[in-house]
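Peer 1: Predicted model follows, preceded by the sequence.
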Amino acid sequence: MKKIPEIFYLKQSIILKPIAMFTKHLFESYKDFKETNLTHRRIKHSDIIPLIKNAGNMFNVNSIGKSCENRDIFQINIGNGEKKILLWSQMHGNEPTATQTIFDLLNFFKNPKQFKNEADSILNACKLFFVPMLNPDGAEQFQRRNAQQIDINRDAFKTISPESKLLMNSVDELKPDFGFNLHDQDIWYASGNTAYPATISFLAPAFDSEKTIDSKRKRSMQIIASMNTMLQQFIPGQTAKYNDDFMPTAFGDTIQQKGTSVMLIESGGYKNDPEKQFVRKLNFISILHALKIIADNSYQTESVDSYNKISPNVKNCLFDYIIRNAKFTGQVGNYTTDIGIRSISKTEQDLYLIDDIGDLSQHFAYKEIEFSGNPIHQYKIGDSADKLINRFFTELK
């Protein structure tokens, strides 16, 4: 079984390799831009309102409309360039990593410190439009869907929900050249058939069932290829690429169809990062890297082949915990097998449940341990895993 090399989880300063000075220094200076009022996943609309109100005069802030439950959905603009870039986050209410990143980015442009030249070059070439929280009602309940129980990202065709209408109206009004579709994915995705988590996953969405590559989609692939190459310096082997089957009800595919070069970025898992704060940092670096190469057109040297070589995103390859060769005893007999444990996210906390029992030799986990000690009673799928975690993994937490 291929284990995750420990080098991936050493201090970031150790795994950092020589890269372009801009991203190297961004990585080292991230603390100067991190929005310290946002430190956990379960952020709500009320958490971002003060940050939006205090954004500063250099930003143009507007409410573009209301959610189902009458919460304002904001768009924050900055820049004077000709290239229009729309970045939207948290269309799924329980996917907040990039929302936090957007406020880090606002801090960067508000006071770029030693990166003033880079910030100015981006803002002189581009005009940025941020929608930091498209689904505030879902965020309130920490759930994927909106208050109507509609998955906004499957509502691009009919735009039944008010949130879908607002995003599509912005796209139709702005006609952005580039778009960043920002999401979280489950932490159990792997980079290919490996033990490496897909910490950051990408997609240049198709705009037709033939998966045609026109000039706009080619730009998406080139930008992603550059981001992926850059990230290998920080998370080698831990990036992935989504399947590009055309989904006409999805926003990325639909906006790509309208002529915008769309880059999907999905924030996955990283060991010992339950609140995805290191993954948030990777988002910050990735997006600024992309904005810089868009501003100076340097992405044009990248090849579609480099994009195609990114490892596929493999679902449900990882568990939070695996107990290997667990010994069971009970009414249905005595036997030895593996136990897989995964978390489910509720409004206030994560719950850990037994997700699988059986031969998990082709699966991996962020934390694994060999069973030892007296046999345990038989568990069922869906049972709480708290006792097992406390028994076997306390020393690993």
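Peer 2: Done, it's in. Residues are numbered from 1 along each chain as shown.
Peer 1: Give me the contacts around stretch 76-88.
Peer 2: 52, 55, 58-62, 102, 106, 109, 122-132, 134, 167, 170-171, 174-182, 260, 287, 291, 294-295 (C-beta atoms under 8 Å, 6 or more residues apart in numbering). For every residue, glycine as well, the C-beta is placed using N, CA and C.
Peer 1: Equivalent analysis for stretch 160-167, please.
Peer 2: 64-68, 73, 88, 91, 131, 134-135, 146, 148, 150, 152, 155-156, 159, 251.
Peer 1: go with 6 Å
Peer 2: 64-65, 67-68, 73, 134-135, 146, 148, 150, 152, 155, 159 (C-beta atoms under 6 Å, 6 or more residues apart in numbering).
Peer 1: For the residues you listed, pick the one with the most neighbours.
Peer 2: The member of those surrounded by the most neighbours (other C-beta atoms under 10 Å) is Asn135, with 32 neighbours in all.
Peer 1: Now that that residue has come up, it's in contact with Pro96, right?
Peer 2: No - between Asn135 and Pro96 there is no contact under C-beta atoms under 6 Å: 10.1 Å.
Peer 1: any residues in contact with both of the two?
Peer 2: Joint contacts of Asn135 and Pro96 (C-beta under 6 Å, 6+ apart) are Gln90.
Peer 1: quick one: Arg280 and Ile102 touch, right?
Peer 2: No - Arg280 is not in contact with Ile102 according to C-beta under 6 Å; the separation is 10.2 Å.
Peer 1: what's the closest non-adjacent residue to Lys127?
Peer 2: Gly79 (4.1 Å; C-beta to C-beta, 6 or more residues apart in numbering).
Peer 1: The one you found: neighbouring residues, count only.
Peer 2: Gly79: 23 neighbours (other C-beta under 10 Å).
Peer 1: Relative to Gly252, how far out is it?
Peer 2: 23 Å (C-beta to C-beta, to the nearest Å).
Peer 1: ranges for the strands of the stretch 201-350 of the chain?
Peer 2: Secondary structure of the stretch 201-350 of the chain by DSSP state E, counting those that start in this stretch: the strands cover 239-241, 261-267, 313-314, 318-329, 335-345, 350-358.
Peer 1: correct me, but Lys367 touches Ile322?
Peer 2: No - at 7.9 Å, Lys367 does not count as touching Ile322 under the criterion of C-beta under 6 Å.
Peer 1: These two: who's more crowded?
Peer 2: The neighbour count for Lys367 versus Ile322, taken as other C-beta under 10 Å, is higher for Ile322 (22 against 17).
Peer 1: contacting residues around the residue nearest to the spatial centre of the chain?
Peer 2: In the chain, the C-alpha nearest the mean C-alpha coordinate belongs to Ser267, at 1.9 Å (C-alpha atoms, centre = their mean). The contact partners of Ser267, by C-beta under 6 Å, 6+ apart, come to 97, 184, 276, 279.
Peer 1: Same list, these, but as CSV with neighbour count, distance to Asn316 and pLDDT please.
Peer 2: Below are the contacts of Ser267 laid out as CSV (neighbours: other C-beta atoms under 10 Å; distance: C-beta to C-beta, whole Å; pLDDT from 0 to 100):
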residue, neighbour count, distance to Asn316, pLDDT
Thr97, 25, 20, 98
Asp184, 23, 16, 98
Lys276, 25, 19, 97
Val279, 25, 19, 98
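Peer 1: and which of those is nearest to Glu35?
Peer 2: Thr97 (12.6 Å; C-beta to C-beta).
Peer 1: Leaving out sequence neighbours, find the closest residue to that closest one.
Peer 2: Ser267 (4.0 Å).
Peer 1: List the beta-bridge partners for that neighbour.
Peer 2: On the basis of DSSP bridges, Ser267 is bridged to Asp184, Ile200.
Peer 1: Enumerate the positions of stretch 80-93 that are buried.
Peer 2: In terms of neighbour count (16 or more other C-beta atoms under 10 Å), stretch 80-93 has its buried residues at 81, 83-93.
Peer 1: mean confidence for it?
Peer 2: In this model, stretch 80-93 carries a mean pLDDT of 98.
Peer 1: Would you mind saying which of the strands of the stretch 201-350 of the chain lies nearest Thr301?
Peer 2: Nearest to Thr301, of the strands of the stretch 201-350 of the chain and by C-beta to C-beta, is strand 261-267 at 16.0 Å.
Peer 1: give me phi/psi at the residue located most distally from the centre of the chain?
Peer 2: Distance from the C-alpha centroid of the chain, by C-alpha atoms, centre = their mean, peaks at Gln331 (44.0 Å). Phi and psi for Gln331, reported as degrees, to the nearest 10, are phi -60, psi -30.
Peer 1: any idea how far Gln378 is from it?
Peer 2: For Gln331, the distance to Gln378 - C-beta to C-beta - is 7 Å.
Peer 1: quick revisit: and Arg280 and Ile102? Which one has more around it.
Peer 2: Ile102 (28 against 24).
Peer 1: Neighbours of the nearest residue to that one once chain neighbours are set aside, how many?
Peer 2: Take Ile102 and drop its neighbours on the chain: the residue closest to it by C-beta to C-beta, 6+ apart is Pro132, 4.4 Å away. Pro132 has 27 neighbouring residues, counting by other C-beta under 10 Å.
Peer 1: Narrow the contacts of stretch 76-88 to those that are buried.
Peer 2: Counted by 16+ other C-beta under 10 Å, the contacts of stretch 76-88 give 52, 55, 59, 102, 106, 109, 122-123, 125-132, 134, 167, 170-171, 174, 176-182, 260, 287, 291, 294-295 as buried.
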